[in-house]
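Enquirer: heads up, no residue letters with this:
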């Protein structure tokens, strides 16, 4: 073989060996490489969040910049809106209470534990009579009772939210009747099984399921913790009010054209007649222990009066009047009265009246007293739903009849200093037009509760985190 041929063959063999080496060490290894590393990579986890993605509360998440209260459960943060829709269906009255914060002292085995209080709100479904409950620190709505009590129009509740006095409408004779209802713990039926029975057949399972379904669909099932028990109240009720401690009831009856006033325990026992009066068209309040407030029903062409009545003696004392279209809301210590009256130019005039000095100051905010409530804890504060824009009308008649609807904001007024403050522009934060009425507060003034006159829905406004 010639020397040149040997050189050529040697070069070819070297090239082939180089190609095999390149494939072995580069291409082959890359084709078998895993798509992800064998061990997880550790890196930046925002806000201390573990790689599982579960949000763990850091202990200061309640300090939100937006002012919303929060509730955390199983590591998940829940936002509770400042303005909250509690019931989208018509409501027949509500009650509110605030539980105290309890501290359990430390022992040798455990450190001190603090159980935070919260606000409870209970209400009646107007059409069916179901009882519902919401808490101030959770979004859950709980059905407490599904006992059918139809057409409850309004109600007042006792201190523990276990009983209420209500007015119902009867289709049979088109009358309004009173009822006292109490939430009673439901007795859960026990399931008795045969000692000899070791299994349940599919047929019996189907029968049990069908029976349970039928029971629940009728609204008398045993899934709710309570049921309503009640009794009828006297006919021809003019008005009623609950005492400041919410343990007694004042009730006014129309007895053959004469107004008769009674006080009793909340459950209706131990009634005492305290007065008779020729007045039968009145609104009543029981703002403080020693004062029952009686205001003649307002109309623009009628002169109205406000009286204070001693619940023990039945003695009357005229406070205000005569004023055209008078509506009032008395403070919970009976020291002040928010007054609205008919103006001369189809408008509303308001004032805050000092009972002791018998002098009034300009209320500044223009709204009906029916759309206001005084503080329970801060007794010199009055909260009112005030129209965003003034509406010319015959007040209060047109609003009572529903020929006008108002678009409200919530204002606060201090009767002592005269300072006013915008609390919430609810028209901007809700999904509908709200004409607020039947305003109420929990005992600590944490939440303002109100109904919308347009659709009778129920709302709450957080006054603590909202400010």
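Expert: Alright, I've got the coordinates. None of the values given here were measured: they were computed from a predicted structure.

Enquirer: parallel or antiparallel, list what pairs with the longest strand along the chain.
Expert: Ranked by residue count, the top strand of the chain under DSSP state E comes out as strand 175-185. For strand 175-185, the paired strands and their directions (DSSP bridges) read strand 163-170 (antiparallel), strand 226-232 (antiparallel).

Enquirer: comparing the ones you listed, which comes out most buried?
Expert: When neighbours are counted by mean count of other C-beta atoms under 10 Å, the highest per-stretch mean among those falls to strand 163-170, a mean of 21. The C-beta positions use only the backbone N, C-alpha and C, and glycine is treated the same way.

Enquirer: for that one, give me every contacting residue.
Expert: 92-93, 95, 124, 149-158, 175-183, 233, 237, 240, 242, 249, 266-267 (C-beta atoms under 8 Å, 6 or more residues apart in numbering).

Enquirer: from the chain's centre, how far out does it sit?
Expert: 20 Å (C-alpha atoms, centre = their mean, to the nearest Å).

Enquirer: follow-up on the earlier one: narrow the contacts of strand 163-170 to just the buried residues.
Expert: Applying 16 or more other C-beta atoms under 10 Å to those, the neighbour count classes 92-93, 95, 124, 149, 151-152, 154-158, 177-183, 233, 237, 240, 242, 249, 266 as buried.

Enquirer: tell me where the chain has helices.
Expert: In the chain, the segments counted as helices under DSSP state H are 3-22, 28-31, 202-217, 397-401, 426-429.

Enquirer: which of the ones you listed has the lowest mean pLDDT?
Expert: Among the helices of the chain, helix 202-217 carries the lowest mean pLDDT, a mean of 34.

Enquirer: what number of residues are in the vicinity of residue 295?
Expert: Counted with other C-beta atoms under 10 Å, the burial measure for residue 295 works out to 24 neighbours.

Enquirer: dump the residue contacts of it.
Expert: Residue 295 makes contact with 282-285, 304-307, 326-328, according to C-beta under 8 Å, 6+ apart.

Enquirer: any chance of the residues you listed in TSV, plus neighbour count, pLDDT and distance to residue 334?
Expert: Below are the contacts of residue 295 laid out as TSV (neighbours: other C-beta atoms under 10 Å; pLDDT from 0 to 100; distance: C-beta to C-beta, whole Å):
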residue	neighbour count	pLDDT	distance to residue 334
282	19	97	17
283	21	97	16
284	17	98	14
285	21	98	10
304	24	97	18
305	17	98	16
306	24	98	11
307	19	98	12
326	24	98	17
327	29	98	17
328	27	98	12
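
Enquirer: just the ones of those residues in strands?
Expert: Under the assignment DSSP E, those contribute 282-285, 304-307, 327-328 to strands.

Enquirer: just send those back as CSV, with distance to residue 419 too.
Expert: Shown next, in CSV, are those (distance: C-beta to C-beta, whole Å):
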residue, distance to residue 419
282, 32
283, 28
284, 30
285, 25
304, 28
305, 30
306, 25
307, 30
327, 23
328, 22
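
Enquirer: from those, which is closest to residue 436?
Expert: Within the ones in strands among the contacts of residue 295, distances to residue 436 taken as C-beta to C-beta reach their minimum at residue 327, with 14.8 Å.

Enquirer: skip the chain neighbours and tell me the closest residue to that closest one.
Expert: Leaving aside its sequence neighbours, residue 327 sits nearest to residue 369 (C-beta to C-beta, 6 or more residues apart in numbering; 4.0 Å).

Enquirer: that neighbour is in contact with residue 338, isn't it?
Expert: Yes. If you go by C-beta atoms under 8 Å, residue 369 and residue 338 touch, sitting 5.2 Å apart.

Enquirer: any residues in contact with both of these two?
Expert: By the contact definition C-beta under 8 Å, 6+ apart, residue 369 and residue 338 are jointly contacted by 328-329, 350.

Enquirer: understood, closing this out.
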